[in-house]
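S.K.: next comes the sequence, and after it the predicted model I'd like to discuss.
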Amino acid sequence: MLSEDLPKIWYGGDYNPEQWDAATMEEDLRMFRLAGIDVVTINVFSWAKSQRDEHTFDFSWLDSIMNRLEQDHMRVCLATSTGAHPAWMAKKYPDILRVDYQGRQRKFGGRHNSCPNSPTYRTYSVMMAAKLAERYKDHPMLAAWHIANEYGGYCYCDRCEAEFRVWLEQRYGTLEKLNTAWNTAFWGHTFYAWDEIVVPNELSEEWGGNQTYFQGISLDYRRFQSDSLLACYQLEYEQLKKVTPNIPITTNMMGTYPELDYFKWAKYMDVISWDNYPTMDMPVSMTSMTHDLMRGLKSGQPFMLMEQTPSQQNWQAYNALKRPGVMRLWSYQAVAHGADTVMFFQLRRSIGACEKYHGAVIEHVGHEHTRVFRETAALGKELQQVGNALIDSRSRNRVAIMFDWENRWAVELSSGPSVALNYVDEVHKYYDALYQLNMGTDMISVEESLDAYDLVIAPVMYMLKPGFAKRIESFVARGGTFVTTFFSGIVNEHDLVTLGGYPGELRNVLGIWAEEIDALYPGQTNSIVFTQELGSLQGSYPCGILCDIIHAEHAEVLAEYGADFYRGTPALTRNYFGKGQAYYVASSPNDVFLQGLLKQLCTEQGIKPLLNTPSGVEVSERVKGNTSYLFVLNHNHDNMTIPWNDEPRHDILTGQTITSELSIAGRGVMILEGTLN
Amino acid sequence: MLSEDLPKIWYGGDYNPEQWDAATMEEDLRMFRLAGIDVVTINVFSWAKSQRDEHTFDFSWLDSIMNRLEQDHMRVCLATSTGAHPAWMAKKYPDILRVDYQGRQRKFGGRHNSCPNSPTYRTYSVMMAAKLAERYKDHPMLAAWHIANEYGGYCYCDRCEAEFRVWLEQRYGTLEKLNTAWNTAFWGHTFYAWDEIVVPNELSEEWGGNQTYFQGISLDYRRFQSDSLLACYQLEYEQLKKVTPNIPITTNMMGTYPELDYFKWAKYMDVISWDNYPTMDMPVSMTSMTHDLMRGLKSGQPFMLMEQTPSQQNWQAYNALKRPGVMRLWSYQAVAHGADTVMFFQLRRSIGACEKYHGAVIEHVGHEHTRVFRETAALGKELQQVGNALIDSRSRNRVAIMFDWENRWAVELSSGPSVALNYVDEVHKYYDALYQLNMGTDMISVEESLDAYDLVIAPVMYMLKPGFAKRIESFVARGGTFVTTFFSGIVNEHDLVTLGGYPGELRNVLGIWAEEIDALYPGQTNSIVFTQELGSLQGSYPCGILCDIIHAEHAEVLAEYGADFYRGTPALTRNYFGKGQAYYVASSPNDVFLQGLLKQLCTEQGIKPLLNTPSGVEVSERVKGNTSYLFVLNHNHDNMTIPWNDEPRHDILTGQTITSELSIAGRGVMILEGTLN
Amino acid sequence: MLSEDLPKIWYGGDYNPEQWDAATMEEDLRMFRLAGIDVVTINVFSWAKSQRDEHTFDFSWLDSIMNRLEQDHMRVCLATSTGAHPAWMAKKYPDILRVDYQGRQRKFGGRHNSCPNSPTYRTYSVMMAAKLAERYKDHPMLAAWHIANEYGGYCYCDRCEAEFRVWLEQRYGTLEKLNTAWNTAFWGHTFYAWDEIVVPNELSEEWGGNQTYFQGISLDYRRFQSDSLLACYQLEYEQLKKVTPNIPITTNMMGTYPELDYFKWAKYMDVISWDNYPTMDMPVSMTSMTHDLMRGLKSGQPFMLMEQTPSQQNWQAYNALKRPGVMRLWSYQAVAHGADTVMFFQLRRSIGACEKYHGAVIEHVGHEHTRVFRETAALGKELQQVGNALIDSRSRNRVAIMFDWENRWAVELSSGPSVALNYVDEVHKYYDALYQLNMGTDMISVEESLDAYDLVIAPVMYMLKPGFAKRIESFVARGGTFVTTFFSGIVNEHDLVTLGGYPGELRNVLGIWAEEIDALYPGQTNSIVFTQELGSLQGSYPCGILCDIIHAEHAEVLAEYGADFYRGTPALTRNYFGKGQAYYVASSPNDVFLQGLLKQLCTEQGIKPLLNTPSGVEVSERVKGNTSYLFVLNHNHDNMTIPWNDEPRHDILTGQTITSELSIAGRGVMILEGTLN
């Protein structure tokens, strides 16, 4: 639990009183009370305010704010303010400035702007964390630490280059091993001294962000930069932990953000927090998947929804408003998937600079008589009523989808077979099928224990880490169902191909050999034709992007390609292995195929939908002790009526009891409490 | 009047005899005479020719040309040749070279290539202007000065950075005020010393040309660079003025060119001149709007059409030819909107380099037996017949549209709500509606006196300068009609939001509050539905881009939104204020709506069309004393017949008198002279 | 003939045993034997392996490989390994690194990475060539030299700048001549000292790759860089030639690669070789055209197909597999057009880095039981049966199309009239028409003797070199038919316009004057309307991109424009000149027009199709002594039956004799041997 002291869904968000005068803060606090807000994140971007040169620290302004907040019993998620460095620091210690992907030395500006290997940055950010910890360790409002802000971006400076070589030497020990791992014999890139290695960017091995001549160095640089930023985080973490061992520490993540290996980061976080900024035209299931991924970072532990907009964003091309009810609906969507907080960026809109058209609880008009405020306040009141019911509840899903950042990097860095292949989208196709079926799903790391699961899906599992294949074999052998796809099992963690036939180490459990991989042009499709019925699946389904041309060795062929020269060769196979089964989906199919397939696999494993609902009505479950909370989320504009055939449950939001059917308003939410047998 | 000495529409253009031998010049002059050309712009790009090193000046070549021109009584618009610096200067004094938006130190090349804060550039450009003024001050052919050429482009070098800090210190006095104006508390960008401030480009706060983290610094940098280039202009201006106080001085502008605040520049110009290069697929009303804007730069004073192509351009993607008659038609379009000259780039095509496929009076074939020459010569003869009739005539429009470069910068720099919002296009929508109605319109600055106007339109008046709202209130109070739109009144000149509810200082006169701003996706529309008839307006009209969600406080609701959650809320309001009315158009409507609305507002103010014409027939008026010249311009390919219900007028081009109807040829022009009552 | 010692179509490809262990090489050799492979290209990227620092050379590894290859009688195309420099060299001698088009100093990475004017590169690449020549001069397997690899890319460093000035001084002698050639009077770019000239890239005169302010300097820089790389090649060539005068030397070219003037390079090559990488959706006639161009580089001498993929590429966006039979079909397509080798990149797929998903004879699975291997081995066996039949056979075409790299550069660098104009595409339109007609065609340089030809086509011959027009006049005068198009004859080799009317020096032979050039918008068309029948041509045909508006002076008008203000003016003209005719096609027509026109012109010259075939069946001929080999290539998926009305011939692949009709399988090939009368 985040805090014994505030045993409810935390409600609040980012607040920047340093941008305003004292009278405005009084007015803000009045409105926070009206809105049921009980937690504020402060000090996010105040480094320059608290430290005006290398010797002068002044926290008096923060003392005042902390004390004023205390008067209103407003808990504080206290940021360390190291998400953007002060201008004076950039001038005096230019080592803090990054060099960008184009090889350009940057000047002061923006945020995400500190070189993670800058001695200046590390020295002063740690000093700041230490001072804040000492100063506020006993403050009664201190509820959580928020280190820096949305870590991200890479640096390519000379110091990073030097540190990269050190990192490589630690990883590989010898240049011989490095040369082997990167296959530098190709194009004669053999290194004879560590300092011959340069950072991979547009001046050397890469271009266009994700294109590279050498996957090995590019993969390692992503690992190194993720580690470098993580090291910055860890240095602050240690300072804070030393002084306030009982205060939870986090940094706000960004869902499927590509640049950081969040599974590795999660190990060093007390609680996961993240910022949820879907576009208005993104499928809602993508949001649910991302929530589940954030929950999966720490094996199911509830997370903080650290930021969302109450109304609109500003950095999209077209910043549509959240329609009435959508903010509440999406807030509960987060809770349904494991959030124990509902927090906003931002509580008050800034008056100037680039985020002033980002929505806020308090708009520029400054009063509470706005649609956005009314919706915010209504939710705040409702969350107070919900109280501690949901806090620290968990999921009990038997289906898991694997997600892996290193695999993603490798897929994105691959030269060929197709630029149409997008790892996150392929994962989402499988997630969405389960989502439409209301099958509760966990998003897990490739290192997660599989003991709890009966169905494990690993789409485009291109890179296999050591031991992975054996763990899958054990999982299947003991009765599990495993599903993987085309372009899986190809390489090891250095992006070196596993020779002897694709899908490499997975050939044993899958019972197939993939001889060739065909890439389809945009608009071009093949089809997957069933040779026998499989659950609801029969006949033909379109597929595309890549078509693995495979041979069933030990596997059974369930469906074949319907066209082209590989017509009649296997497109879907099942291999019985021990007590379980392993499926190979050789191309990228459509939603009907995937829903049919996954429904069948769930049925075989005795996994049932949480509820049968019409399209657009999402269902998710959280469990606490023997109490089940079934969230019903109506993403449709219109009311929906849904048959209820289970034991009666009552909706903790309205108190109403559901017996034979439930009627849910457009964009409505129900949380149906029931007792597990 | 430009010159007592040549009291007619000047006819001629850019001429570069330094690219050719003497025999060619003789042949050129023969053809100039054939074409009725009486003014040539020379010396535009001859800096390197006149000054081959820092100590050696040689104007003998120019003397010869000036003297030869005198023999043919050819007036000279004499350029100062500082539009591109010599190669030797770039080598010897690299401070003259610019640093670009990407932060790269440029080498010698192109034009627009001098750093405006380069001591070398300022020293040598002023020296050149002084020498030219002294040398040719008494030359009988000297008719006008043409400083540099098409000023434009920004520099981001270290000197500009240093000068920017000086400029800022002059503007703000203290860093406290600057920090407030830029809201640097956001993201902790507080400056504690002037030299912490760096230029905003892709290495610091900006990217993509118009995207920025801090609107304040980016706005100020645009002002600073516009001022820096203006300072270069002014330094030359002062030299020339000192020596030849009676010769008009100009520099050629570029219409709606984004980078310079032409209203500020216009104050330091004796006469406006500009280069008109529409693409063939641009609406002709955009050209008219731009002419009117150029006329508005100096409150209605006639301007010089300094450049246009006789046939085709070279730098467009697809350089279509001007169809037969179009050059004449567009030349008169310029005159109709205030031009007192018709000049071409270029009189002779160059033999090499990037503009050799740009049209010219004398083509590469070198003789006069070309379509282009024939059309040019016919127009030259016609303009000689027109004589001084139109010279120095003015407009007498009662409708004005406001245009403001600083506002435009702020709109373009805004992060959110929508990338689809284009300031010039929104202004043009209103202009085009009036254009289709044949309502004569002035394009004015936000500082222009409104005394002459009864209808003033300020589309997307996002940034309000000090005193603006009060002046609008006075205008409306005394009986004027004011129209503004969504996304108006939001910020002050620092791009800081006016708190207390949009549209800020305009709330009083408009009687509304805009609570939220919705951004529509491409292809998405809402509708504006009239609750009562307004002139020809009734029923429903599509709208898009942004939808302000507004509350009518004192205002009357004339139309509502037809869809979405804000259906039924006001989309068009009218506020009676004093003796006048203020309208708010809450979204971006279509052409039918705007023509209906503006026709109604004109009617209410007793403003009538100049003439009723079929589509494609433009009408514009110039007035001199009590004589009215009504220009009728048929942009259609086919002949048109138009009823004439006014007093008879005669066409000064043909001498024919119009009594009951006028018949105008395809792409034809009439200039109907009449006497004002 | 490439080698008396291996008198057959060489079969093999790039092989990199240095990436593998000895056991793998044994297995590879076993499979090479199975596949009928007799030539391997080795040592392409082994510089770093053979030279680990400036003093240490170690060829023992290469000795072992050469000796092991000898055991299997495997001939070696021995590369000099200078296509990518070692990392140690880049660190120690950074002068070897390029500066890119954006002006950025590159670091170590990629290939194509050596500055061609780097003293280090020249010193060490020549040293390497010399050492290899000395070491392997007597090796019995040495069959050919392969210098570097796919030369390409430009450098913009300070040394290149200095060398460029030297090159210019040699070319022009005086700055006066250079200033004239570049028309630097335009924009006042006059140079007074050689060191004022800077390289033309994005920091000076160019942008976007092919856009420039000064065509003169940009053209010369392309010539200079092409020459600089050629000089690197020549330095190695001389070393090799000195030691092994009888071993043919080549470097692998890339078809219509834009950056190098291959006609100039060809003079210094013993044999042309090239790498054929069509995309799957490119017209097959483009491949044929490129083969013919490569054959034309050395006036018809057979060339080496140095690289093609056996299955798929990796660097395309969508890397589709070559369908079954396509690899064989396209291999014979190369032979049909003059290849005396069929070689692959690559014989074995690498295990890591960016080309691991490029197809190979030996796939990652490592064994021979793959579709790709089976197809490769079948072709290997077939080529052994074909033996020496085709070796050194030639073409005997009477139709030629001109292609010129300098002309192409000039067209691409032109500012206006239209970005839609693509030189290679326009050439291909004419080639494709002849291809569809089965008219054997040579692709020739503008310097090639025209004695052998009766029909010569020079599409978009924008730049005329000295003497060219006179040679065309002689060709036509003696009875030849010449065809050229819009935008021809405009400039000289400095891109200076030939004054006096387009098409300049070609006006005499064409009998026309092009007064204006109209550029059409995308989607816009005009039409070419015949005023009389011309062969199968009658009525109207669409045309676009550019429309020259021409006057027939001595020429006859065959067709006119059908629309716009130049309706009725000539669109196709014929001029009788001496005993021949010269045609001018004033716009870019469609395929039906071009096939009709070229069929008629061939008929008039008594040139007959090689064979009449249905669409998709390509025919090409090679001749040796009085033996004709007619290649019939069925690019269709389905079988085709074709009437045969000639003397019986037998297919050297199957031995079958064709008498009255031939039936060819889908993607099938026949090589019909016959005796010339």
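M.R.: All right, it came through fine.
S.K.: and the contacts of stretch A:600-615?
M.R.: With Cβ atoms under 8 Å, 6 or more residues apart in numbering or on different chains as the contact definition, stretch A:600-615 has outside contacts at A:398-399, A:434, A:436-440, A:454-455, A:481, A:483, A:534-537, A:581, A:583, A:619-621, A:630, A:632, A:636, A:640, A:642-644, A:646. Every residue, glycine included, has its C-beta placed from N, CA and C.
S.K.: which helices and strands sit right next to the longest strand seen in chain A?
M.R.: Longest strand of chain A, by residue count under DSSP state E: strand A:540-552. Applying 3 or more Cβ pairs under 8 Å, 6 or more residues apart in numbering or on different chains; DSSP states H and E, one finds that strand A:540-552 contacts strand A:512-519, strand A:526-530, strand A:570-577, strand A:587-589, helix A:591-604.
S.K.: and if we set it to 10 Å?
M.R.: For strand A:540-552, the elements it packs on are helix A:423-436, strand A:512-519, strand A:526-530, strand A:556-561, strand A:570-577, strand A:580-585, strand A:587-589, helix A:591-604, judged by 3 or more Cβ pairs under 10 Å, 6 or more residues apart in numbering or on different chains; DSSP states H and E.
S.K.: now do the domain split for chain A, please.
M.R.: A:12-152+A:221-367, A:158-215, A:399-604, A:617-675 (automatic domain parsing).
S.K.: now mean pLDDT and mean neighbour count too, for the ones you listed, in TSV please.
M.R.: Listed next are the domains of chain A as TSV, based on pLDDT from 0 to 100; neighbours: other Cβ atoms under 10 Å in any protein chain shown:
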stretch	mean pLDDT	mean neighbour count
domain A:12-152+A:221-367	98	21
domain A:158-215	98	19
domain A:399-604	98	21
domain A:617-675	97	17
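S.K.: okay if I get these as JSON lines plus distance to C:Val669?
M.R.: Shown next, in JSON lines, are these (distance: least, Cβ to Cβ, whole Å):
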{"stretch": "domain A:12-152+A:221-367", "distance to C:Val669": "47"}
{"stretch": "domain A:158-215", "distance to C:Val669": "34"}
{"stretch": "domain A:399-604", "distance to C:Val669": "18"}
{"stretch": "domain A:617-675", "distance to C:Val669": "59"}
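S.K.: looking at these, which is nearest to C:Ile472?
M.R.: Of all the domains of chain A, it is domain A:399-604 that lies closest to C:Ile472, at 42.5 Å by Cβ to Cβ.
S.K.: residues of the stretch 301-450 of chain A that sit close to chain B?
M.R.: A:311-321, A:323-326, A:349-359, A:363-367, A:369-372 (Cβ under 10 Å from any Cβ of the partner chain).
S.K.: what about these, which are in helices?
M.R.: A:326, A:371-372 (DSSP state H).
S.K.: which of those residues lies closest to chain C?
M.R.: Taking Cβ to the nearest Cβ as the measure, chain C sits nearest to A:Val326 out of these, at 37.1 Å.
S.K.: sec struct for the nearest residue to that closest one once chain neighbours are set aside, please.
M.R.: Distances taken as Cβ to Cβ, 6 or more residues apart in numbering or on different chains put A:Arg667 closest to A:Val326, at 6.1 Å, once the chain neighbours are dropped. Classification of A:Arg667 using DSSP: H, G, I helix; E, B strand; the rest coil returns coil.
S.K.: next one: A:Arg667 from A:Ala555, what distance?
M.R.: Using Cβ to Cβ, to the nearest Å, one gets 45 Å for the distance from A:Arg667 to A:Ala555.
S.K.: how about the most centrally placed residue in chain A: what's its closest non-neighbour residue?
M.R.: In chain A, the residue lying closest to the centroid (Cα atoms, centre = their mean) is A:Gly255, at 2.7 Å. Using Cβ to Cβ, 6+ apart and skipping residues adjacent in sequence, the residue nearest A:Gly255 is A:Thr290, 4.1 Å away.
S.K.: for that neighbour, helix, strand, or coil?
M.R.: A:Thr290 is classified as helix under three-state DSSP.
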